[in-house]
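K.L.:
Turn this into a structure:
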Amino acid sequence: MNPIKHVAIIMDGNGRWGEKNKKSRNLGHKEGLKTVELAMKECIKNKIKFLTLYAFSTENWKRPLSERKYLFSLLETYLRDKLETLNKEQIKIKIFGKLNFSKKLNKLLNYAEKKTKNNKKLQVNLALNYGSKSEIVSAIKKIGKKKTINIYNIEKNLYSRNIPDPEILIRTGNTHRLSNFMLWQIAYTEIFFEKKLWPDFKSVDFNKILKKFKKIKRNFGDI
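P.N.:
A predicted model of the protein is given here:
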């Protein structure tokens with residue numbers, strides 16, 4: 001049976017769900033937070049130690065200003081209201097990406113990391129202003145000229161340093177692409193593309209994927 005330490009999720013379909021059900025992309029993003037909480041609970045229940053959520057990509061800056069402002073406001077409100085609860089539940093928050101947001105949001109994100117840094121039950125990596133290509137370039141630059149550019153040194157300078165690569169990547173929203181997400185880390189990850197939009201993704205769907213994964217024979221290049 002394949003052990004599961006790390007699940008990564010591309011939470012696609014919030015805006016489309018909002019347009020379809022509420023006539024508002026923003027309300028779709030708000031609804032998607034319920035599924036985030038569901039995913040965290042399922043990880044804890046299944047003793048999965050790491051969950052990486054693709055929350056805002058480097059390409060998402062192309063979205064309308066009004067939608068971006070709402071997303072950042074939603075994140076700010078959620079952390080402000082739920083941080084104490086997350087901390088009590090022993091959930092650690094880690095940010096993957098460059099903090100190029102408002103001073104207020106940057107400060108809150110740094111505070112969330114600091115406050116939860118010793119928690120052990122689940123580490124939630126929020127990929128914010130994240131792009132995998134930029135991450136890899138940044139890692140190579142950090143190595144510099146004094147050290148050898150090799151797999152070990154690159155991995156030591158990625159946002160995901162010191163944590164295992166994802167065994168599972170889930171993308172909801174019936175879109176079959178990786179969208180510049182964890183390209184280095186998912187070299188041998190099992191990928192599950194789901195038709196459901198993120199707000200419609202439920203516990204039964206999550207656990208169905210876990211069961212499918214446990215039946216997969218993983219060769220890692222062997223036979």
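
K.L.:
mind checking the SS state of the residue nearest the centre of the chain?
P.N.:
By C-alpha atoms, centre = their mean, the chain has its centre lying nearest to residue 53, at 1.5 Å. Counting by DSSP: H, G, I helix; E, B strand; the rest coil, the backbone at residue 53 sits in strand.

K.L.:
Hmm, it is touching residue 127, no?
P.N.:
Yes - counting by C-beta atoms under 8 Å, residue 53 sits close enough to residue 127 to count as a contact (6.5 Å). Quick note: C-beta positions are derived from backbone N, CA and C, even for glycine.

K.L.:
Quick one: the strands in this protein, in order.
P.N.:
Along the chain, the stretches classed as strands by DSSP state E are 6-10, 50-57, 91-96, 122-130, 168-171, 190-193.

K.L.:
buried set for the longest one?
P.N.:
Pointing back at strand 122-130 there. Of the residues in strand 122-130, those scored as buried under the neighbour-count criterion (16 or more other C-beta atoms under 10 Å) are 122-130.

K.L.:
which residues sit against that strand?
P.N.:
Around strand 122-130, the neighbours that count as contacts under C-beta atoms under 8 Å, 6 or more residues apart in numbering are 40, 43-44, 48-58, 61, 75, 86, 89-101, 109, 159-160, 163, 181-182.

K.L.:
how far out from the middle of the chain is it?
P.N.:
Between the centre of strand 122-130 and the centre of its chain there are 5 Å (C-alpha atoms, centre = their mean, to the nearest Å).

K.L.:
next one: stretch 159-172
P.N.:
For stretch 159-172 - counting by C-alpha atoms, centre = their mean - the centre lies 8 Å from the chain centre.

K.L.:
Just list whatever residues bridge to the residue nearest to the centre of the chain.
P.N.:
residue 9, residue 126 (DSSP bridges).

K.L.:
from the buried residues of strand 122-130, which two are the most distant?
P.N.:
Comparing all pairs in those by C-beta to C-beta, the longest separation belongs to 122 and 129, at 22.5 Å.

K.L.:
List the buried residues in the lengthiest helix in the chain.
P.N.:
In the chain, ranked by residue count with DSSP state H as the criterion, the top helix is helix 65-88. Residues of helix 65-88 classed as buried under the neighbour-count rule (16+ other C-beta under 10 Å) are 70-72, 75-76, 79, 83, 86-87.
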